[in-house]
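1. Model the following, please.
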Amino acid sequence: MVLNSIYSLIASLSFGVLFNIKGKKLIFAGIGGGIAWFVYELCILAGFSDITSLFIGSVALSIYGEFAARILKSPVTIFVICALIPLVPGKGMYNTLLASVQGDVYLSLEIGLHTILSAGAIAIGIMLVSTISKFLSHLIQKNKARNSKSLKKSSK
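-> Okay, the predicted model is just below:
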């Protein structure tokens, strides 16, 4: 499990290099991939389904990406896209096309549906965290503005 997480970290680092990410940001992006895969495998070991584990893994990588973006003052997408690479259901896409080319329509549909659900779970997990983060950020900004107005009134 730990070894696979290290492999995922290396894969995320490699894609970070491909995407021209440099310095600390590259290391943080790679760590995100390791965390995502570790959480995914932990959920599988806990007995969750593959799709649920992908959802939880994508939520974990998105939360990590939000924090890393705030710490390094960078766009969230730098960290989320690189960390997402190990979770992408590439094998499912390949097997869907392979079954389709071989003429096995039912197997192609079965694998294809599972692949689409997997990709959807990842997308929903990322979208959920992003939406909640933006909502909380808006509330904090609104609260700061309200507090600064009340301080100005009380000082007069």
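2. hey, which helix is longest across the protein?
-> Scanning the chain for the helix with the most residues, using DSSP state H, yields helix 105-155.
3. Figure out how far it is from the centre of its chain.
-> 12 Å (Cα atoms, centre = their mean, to the nearest Å).
4. Which secondary structure elements does it sit against?
-> helix 50-72, helix 76-84, helix 90-101 (3 or more Cβ pairs under 8 Å, 6 or more residues apart in numbering; DSSP states H and E). Quick note: C-beta positions are derived from backbone N, CA and C, even for glycine.
5. Residues in contact with the shortest one: which ones?
-> Counting by Cβ atoms under 8 Å, 6 or more residues apart in numbering, the neighbours of helix 76-84 from elsewhere in the structure are 12-13, 15-16, 19, 21, 25, 28-30, 32-33, 35-36, 58, 61-62, 64-66, 68-69, 122, 126, 130, 133.
6. shaky segments in this protein?
-> 150-156 (pLDDT under 70).
7. redo that, cut-off 90
-> Across the chain, residues meeting the criterion (pLDDT under 90) sit at 1-2, 137-138, 140-156.
8. Report the buried members of the contacts of helix 76-84.
-> Neighbour-count burial (16 or more other Cβ atoms under 10 Å) applied to those gives 12-13, 15-16, 21, 25, 28-30, 32-33, 35-36, 58, 61-62, 64-66, 68-69, 122, 126, 130, 133.
9. so T52 makes contact with C43?
-> Yes. Between T52 and C43 there is a contact under Cβ atoms under 8 Å: 6.7 Å.
10. Check the gap between the residue lying closest to P75 once chain neighbours are set aside and G23 for me.
-> Of all residues not flanking P75 in the chain, A69 sits nearest, at 6.4 Å (Cβ to Cβ, 6 or more residues apart in numbering). Distance, A69 to G23, using Cβ to Cβ, to the nearest Å: 15 Å.
11. try L109
-> 45 Å.
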